[in-house]
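1. test case, fold it:
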Amino acid sequence: MSDLKPEAFADYARRCWLVFGAVACTTFLMVGASYAPIGNRTVVIGLVLAAAVVNAGLVGAFLMHLLSERKTIYTVLAFTAVFFVGLMGLSIWAQFDHPKF
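-> The predicted model follows:
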């Protein structure tokens, strides 16, 4: 933490404010699209979902610092994949484990 300079913090704070502004804009877009008098509901749902994906990506990548934590993310993802495959294997194996009468 001793390597932080005031310039670096100012740059980081500026980036956080920009991301906050983008998140606020996409949130307003979602709310506005839900109230917009667009005839087709599918288009409204598509707009809201697209804005939500952008919103979630910005929050996850920048505000939750997931861009800078690649090693930890990939480690957790690998463990998740291993346990998912193991649970699916146990589920398939358990289908044939019925009591015989």
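
2. only C-alpha atoms for contact and neighbour calcs from this point on.
-> Fine.

3. and Leu66, which of the three is it?
-> coil (DSSP: H, G, I helix; E, B strand; the rest coil).

4. check contacts around it.
-> With contact set as CA atoms under 8 Å, 6 or more residues apart in numbering, Leu66 has these partners: 60, 73.

5. if you set the cut-off to 7 Å instead, what comes out?
-> Gly60 (CA atoms under 7 Å, 6 or more residues apart in numbering).

6. how close does it get to Leu58?
-> Using CA to CA, to the nearest Å, one gets 10 Å for the distance from Leu66 to Leu58.

7. any idea how this protein splits into domains?
-> What automatic domain parsing lists as the domains of the chain is 1-67, 69-101.

8. low-scoring stretches of this structure, by residue?
-> By pLDDT under 70, the low-scoring segments of the chain are 1-4.

9. so of the domains of the chain, which one's packed in deepest?
-> domain 1-67 (a mean of 13; mean count of other CA atoms under 10 Å).

10. what helix or strand is Ile83 on?
-> For residue 83 the amino acid is Phe, not Ile. Phe83 belongs to helix 70-94 when assigned by DSSP states H and E.

11. roughly how far is that helix from the heart of the chain?
-> 19 Å (CA atoms, centre = their mean, to the nearest Å).

12. one more: stretch 12-19?
-> In terms of CA atoms, centre = their mean, the centre of stretch 12-19 is found 19 Å from the chain centre.

13. ditto for stretch 64-84
-> 13 Å.

14. same thing with stretch 88-98?
-> When distances are taken as CA atoms, centre = their mean, stretch 88-98 is centred 32 Å away from the chain's centroid.

15. check stretch 8-19 too.
-> For stretch 8-19 - counting by CA atoms, centre = their mean - the centre lies 21 Å from the chain centre.

16. hmm, who's touching it?
-> Leu58.

17. cool, and stretch 78-85?
-> Counting by CA under 7 Å, 6+ apart, no residue sits against stretch 78-85.
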